[in-house]
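1. Sequence and predicted structure below; questions after.
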Amino acid sequence: MQEAANHRLWESLYGLLSTGERAVLDSLLTVLPGARGVGAGLDADQLFTFV
């Protein structure tokens, strides 16, 4: 039930974004194949570098 509520909330918030904002969000949420676990042992500053 909580999963369904989370999905509805996500859809509502996602719907408020412009097309460009959606594209940026989608790109941030994409995990490339083999990339999981790459950051093991690094702190948050090392894992998340935004340009």
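-> Received, thanks. Numbers count the residues shown, from 1 in each chain.
2. Point out where this protein drops to low pLDDT.
-> For the chain, the stretches with pLDDT under 70 are 36-51.
3. in it, which spans are helices?
-> 2-15, 19-29, 44-47 (DSSP state H).
4. Pipe those into JSON lines and attach distance to Ala35 per row.
-> No exception for glycine: its C-beta is placed from N, CA and C like everyone else's. Shown next, in JSON lines, are the helices of the chain (distance: least, CB to CB, whole Å):
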{"stretch": "helix 2-15", "distance to Ala35": "22"}
{"stretch": "helix 19-29", "distance to Ala35": "12"}
{"stretch": "helix 44-47", "distance to Ala35": "11"}
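5. Would you format those as CSV with mean neighbour count included?
-> Shown next, in CSV, are the helices of the chain (neighbours: other CB atoms under 10 Å):
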stretch, mean neighbour count
helix 2-15, 9
helix 19-29, 10
helix 44-47, 8
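6. tell me the phi and psi of Pro33?
-> Phi and psi for Pro33, reported as degrees, to the nearest 10, are phi -60, psi 130.
7. ugh, wrong one, Val31
-> Val31 adopts backbone torsions of phi -110, psi 120, taken as degrees, to the nearest 10.
8. That one and Ala5, how far apart?
-> 24 Å (CB to CB, to the nearest Å).
9. Glu21 too?
-> Counting by CB to CB - Glu21 and Ala5 are separated by 23 Å.
10. Likewise for Leu32?
-> Taking CB to CB, one finds Leu32 at 30 Å from Ala5.
11. Within its local environment, how many residues does Ile30 see?
-> Not quite, residue 30 is Thr, not Ile. 8 (other CB atoms under 10 Å).
12. Could you number the chain from 56 rather than 1 from now on?
-> Okay, using 56 as the starting number, the last item reads as Thr85.
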